[in-house]
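> quick one, structure for this:
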Amino acid sequence: MDTTFYSFKAKNLSGKEVAMDTFKGKTILVVNTASKCGLTPQFEGLESLYQKYKERNFVILGFPCNQFANQEPGDEKSISEGCLINYGVTFPMFTKIDVNGENAHEIYKYLKKELNGLFGSKIKWNFTKFLIDKNGKPLKRFSPFTKPEKIEKYLINILD
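Sure, this is the predicted structure:
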């Protein structure tokens with residue numbers, strides 16, 4: 001069987017396992033997040049993008065990661081509260097994972113294999129983003145410094 005994005009599962013912040021095939025038929029943006037990063041205000045732009053397009057079958061999946069300068073030191077509860085209180089995040093957030101190294105989450109191993117970055121497959125920093133079409137095909141990888149509003153032009157061409 002071919003491995004696709006829909007083959008994977010991840011635990012949400014409540015600890016419930018979520019199959020990625022739950023998101024079949026939706027355009028997906030996967031983002032590794034951190035609450036103590038200079039790029040953390042991107043949560044605002046991400047939430048805004050989500051609110052604007054969720055009715056058009058768009059979803060953002062946030063994966064907290066503490067592999068970059070210890071910028072996500074908290075537990076699931078503090079991550080959840082920080083996202084909600086500071087940025088009003090309503091899109092699905094998952095438990096803290098590794099995105100690089102041998103303990104990298106399967107979803108990230110897959111996405112990095114499908115879409116190499118500028119300097120190879122390794123994730124360089126928080127807020128690296130992967131755009132996946134409604135058929136589960138990874139289309140584009142965005143650098144941590146690509147603001148969510150810059151992704152909109154790619155998004156509107158593939159929605160619905």
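> ranges for the strands of the chain?
9-11, 17-19, 27-33, 58-64, 129-132, 138-142 (DSSP state E).
> ranges for the helices of this protein?
Shown for the chain, the helices assigned by DSSP state H span residues 42-53, 76-87, 106-114, 148-158.
> what is the second one packed up against?
So that's helix 76-87. Under the contact definition 3 or more Cβ pairs under 8 Å, 6 or more residues apart in numbering; DSSP states H and E, helix 76-87 sits against helix 42-53. From N, CA and C alone the C-beta is placed, and that goes for glycine too.
> now the helix it packs on: how far from the chain's centre is it?
Here helix 42-53 is found 12 Å from its chain centre; the criterion is Cα atoms, centre = their mean, to the nearest Å.
> same deal with stretch 111-127?
With Cα atoms, centre = their mean, you get 13 Å for stretch 111-127.
> ok, and what's touching that stretch?
5, 30-34, 37, 39-40, 42, 65, 67-68, 71-72, 99-100, 104, 108, 128, 130, 138-141, 143-145 (Cβ atoms under 8 Å, 6 or more residues apart in numbering).
> which of the residues you listed are buried?
Among the contacts of stretch 111-127, the ones that count as buried by 16 or more other Cβ atoms under 10 Å are 5, 30-34, 37, 39-40, 42, 65, 67-68, 71-72, 99-100, 104, 108, 128, 130, 138, 140-141, 144.
> understood, closing this out.
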